[in-house]
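*Asks:* just the structure for this:
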Amino acid sequence: MAVVELTGSGLAAADVVAVARGDASVALGASAREQMDASAATVQRALDAPQPVYGVTTGFGSLANVLIPADRREELQRALVRSHAAGMGPPVEREVVRAMMLLRARTLSMGCSGARPLVAERILELLNRGITPVVPEHGSLGASGDLAPLAHCALVLLGEGEAQMRGGVARMPAAAALREAGLDPLTLIAKEGLALINGTDGMLGMLVLAAHDLARLLRVADITAALSVEALLGTDRVFAADLLALRPQPGQQDSGANLRALLAGSQIVASHRHDDDRVQDAYSLRCAPQVAGAARDVLGHADSVADAELRSAIDNPMVMPDGRVESCGNFHGAPLAFACDALAIAVAEVGAIAERRTDRLLDATRSSGLPPFLAPDAGVNCGLMLAQYTQAAMVAENRRLATPASIGSLPTSAMQEDHVSMGWSAARKLRSAIANLARILAIELVCAARAIELRAPLQPAAGTAAAVRALRAADVSGAGPDRWLSPELARAETLVNDGGVLNAVEAAIGRLA
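*Replies:* Numbers count the residues shown, from 1 in each chain. Model prediction:
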């Protein structure tokens, strides 16, 4: 795997995923080192300036008016990290912590934070040696950035707090983890403690990872929708390119193109194309590309927000090239919080329409001849009845998770920080919603695949047939007497999450939009 280099400019979302999930190595480039050296020199000059400089010669937050004597400024930075490492709750996922560390090093590498190259290099050493700080879930309000989570990361640099080694399960003292890796604790100098904790890196990392996952799930949503359309004897005429072009929403065009490709050549669809007395399909079938397409458009906006943030210097104060050290509000997480909240709404709706299709598949009064709950000998067998219950429970949870976090600002620091973004909370609930969406789509996949097989001897389209084959190859069985269903649903969820079903379909009909 190629080494990800911090050059002192932007970083691609794919690089974040590679480091966070794939353990790709990271290096600090020469240009970034030069920028950081110049920035650190500016901070050293500011120590002797007559006017106070926030976080360098003063306290923090509402203590910004407290001047710090020269002989206590290093102590100030250590105390800041220790005091702000005040999180509680279960540990955040390893991939989130790794993304957060990478993104903090990225901002430092831009030379606007006043930190020495050594600080960024030490963060990268932790990443490359597989040392992951233990970061509790609760503590960030999203302004001034993700203070508490980043402070827990910074604490490990000092040889304090807790960490986990690559492949390890148990927590260990950070000092022991550093010794095992042959690293010395870092001694911070002026501005460096503040530079380590004042950023949007946690919420940005979670947004990047969520967007990566959702891009795959939205293609899977088109697959499961096509399966349901086919199984319910729906029409593909509503997905015609000229019809959809009358409303040129870009996501709708992509989703519609996918549905056309997935249903092309279907014997099942062809069997009722000219002699069906139904005038229209239900909205959950007919409007599939409108809903999934709208979600794609929201994702496009979120991607643009994340891309801008990946090119941004996030800190306070900022060290400018002309020697100024200026306070600003760039740490406020509002852009990310809004994007995460919008995505959570879109995720909830994609799951909700999938559940409506599943319910229709299982209802003998609306399924165009399928047996109740797709069960043989219904009554003795319940078939997939409870799979839809589980799906409905997660749809309900996603509706709760779609409630915006970004409107919930609470003032802190004696009213100095009187409006916060709640971006961390928005990102945390987005991760939960996306995990639920994968399960919701897995259940539609299981139900629609069984229904399609019940349409035999009519054959499905090449794309939908590939999805059914992938499911059966993953040991998810078709129709038959009732059995323990939970393990099969879990295998279907894995197939959705690891790209198995998407890869199988794309191998059969080409890449989906």
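
*Asks:* hey, let's count contacts and neighbours off CA atoms from now on
*Replies:* Will do.

*Asks:* so who does the residue most central in space within the chain touch?
*Replies:* Nearest residue to the geometric centre of the chain (C-alpha atoms, centre = their mean): Ala210, 1.5 Å. Applying C-alpha atoms under 8 Å, 6 or more residues apart in numbering, we find Ala210 in contact with Leu430, Arg431, Ile434.

*Asks:* my guess is the last one is in a helix, correct?
*Replies:* Yes. Counting by DSSP: H, G, I helix; E, B strand; the rest coil, Ile434 is located in a helix.

*Asks:* do I have it right that it meets Glu349?
*Replies:* No. Taking contacts as C-alpha atoms under 8 Å, Ile434 lies outside contact range of Glu349: 11.5 Å.

*Asks:* need phi/psi at Ala490.
*Replies:* Backbone torsions of Ala490, given as degrees, to the nearest 10, read phi -60, psi -40.

*Asks:* roughly how far apart are it and Ala38?
*Replies:* 53 Å (C-alpha to C-alpha, to the nearest Å).

*Asks:* the more surrounded of the two?
*Replies:* Ranked by neighbour count (other C-alpha atoms under 10 Å), Ala490 and Ala38 place Ala38 first, with 18 against 15.

*Asks:* could I get the contacting residues of Val208?
*Replies:* Contacts of Val208 (C-alpha under 8 Å, 6+ apart): Ala13, Val16, Val17, Asp303, Ala306.

*Asks:* wait, which of these is closest to Ala461?
*Replies:* Asp303 (32.5 Å; C-alpha to C-alpha).

*Asks:* what are the contacting residues of the helix or strand hosting the closest one?
*Replies:* Assigned by DSSP states H and E, Asp303 falls within helix 288-309. The contact list for helix 288-309 (C-alpha under 8 Å, 6+ apart) reads 12-13, 204, 207-208, 211, 214-215, 218, 221-222, 225, 239, 249-256, 259, 335-336, 339-340, 342-343, 346-347, 349-350, 353.

*Asks:* mind giving me the PyMOL select for those residues, buried ones only?
*Replies:* Buried members of those, identified by 16 or more other C-alpha atoms under 10 Å, are gathered into one PyMOL selection as follows:
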select buried, resi 13+204+207+208+211+214+218+221+222+225+239+251+252+253+254+255+256+259+335+336+339+340+342+343+346+347+349+350+353
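
*Asks:* with adjacent residues omitted, what lies nearest to Pro335?
*Replies:* Among residues not flanking Pro335 along the chain, Val305 sits closest, at 6.8 Å (C-alpha to C-alpha, 6 or more residues apart in numbering).

*Asks:* count the neighbours of that neighbour for me.
*Replies:* Around Val305 there are 18 residues (other C-alpha under 10 Å).

*Asks:* how about Gln51?
*Replies:* With other C-alpha under 10 Å as criterion, Gln51 counts 9.

*Asks:* OK, contacts around it?
*Replies:* Contacts for Gln51 (C-alpha under 8 Å, 6+ apart) come out as none.

*Asks:* and it, how far is that from Val325?
*Replies:* 11 Å.

*Asks:* could you do Ala490 as well?
*Replies:* Following C-alpha to C-alpha, the distance that separates Ala490 from Val325 is 53 Å.

*Asks:* so how far is stretch 248-255 off the chain centroid?
*Replies:* 22 Å (C-alpha atoms, centre = their mean, to the nearest Å).

*Asks:* got the contact list for it?
*Replies:* Counting by C-alpha under 8 Å, 6+ apart, 219, 222, 241, 244-245, 289-297, 513 sit against stretch 248-255.

*Asks:* same question, stretch 179-193
*Replies:* Under the criterion C-alpha under 8 Å, 6+ apart, residues 43-44, 55-56, 73-74, 77-78, 80-81, 113-116, 119, 122, 129, 154, 157-159, 175, 178 lie in contact with stretch 179-193.

*Asks:* likewise stretch 88-105?
*Replies:* With C-alpha under 8 Å, 6+ apart, stretch 88-105 has contacts from 16-17, 19-21, 120-121, 123-124, 127, 132-139, 150, 153, 196, 199, 201-202, 204-206, 310.

*Asks:* switch to 6 Å and redo it
*Replies:* Val16, Ala20, Arg21, Ala120, Val134, Val135, Pro136, Glu137, His138, Asp201, Gly202, Gly205 (C-alpha atoms under 6 Å, 6 or more residues apart in numbering).

*Asks:* show me what counts as buried in it.
*Replies:* 92, 94-105.

*Asks:* likewise for stretch 324-336?
*Replies:* For stretch 324-336, the neighbour count (16+ other C-alpha under 10 Å) marks Val325, Asn330, Phe331, His332, Gly333, Ala334, Pro335, Leu336 as buried.

*Asks:* Asp315 is in contact with the first one, correct?
*Replies:* No. Val325 is beyond contact range of Asp315, at 11.2 Å (criterion: C-alpha atoms under 6 Å).

*Asks:* show me where this protein has strands.
*Replies:* All strands of the chain, identified by DSSP state E, fall at 4-6, 26-28, 88-91, 132-133, 136-138, 162-164, 172-173, 318-319, 325-326.

*Asks:* for Met385, find the nearest of those.
*Replies:* Nearest to Met385 among those is strand 88-91 (34.3 Å), distances taken as C-alpha to C-alpha.

*Asks:* so how far is the closest one off the chain centroid?
*Replies:* 19 Å.

*Asks:* could you pull up the mean pLDDT of it?
*Replies:* For strand 88-91, the mean pLDDT works out to 98.

*Asks:* what pairs with it, and is each one parallel or antiparallel?
*Replies:* strand 136-138 (antiparallel) (DSSP bridges).

*Asks:* mind listing residues that contact the strand it pairs with?
*Replies:* With C-alpha under 6 Å, 6+ apart as the contact definition, strand 136-138 has outside contacts at Gly87, Met88, Gly89, Pro90, Pro91, Val92.
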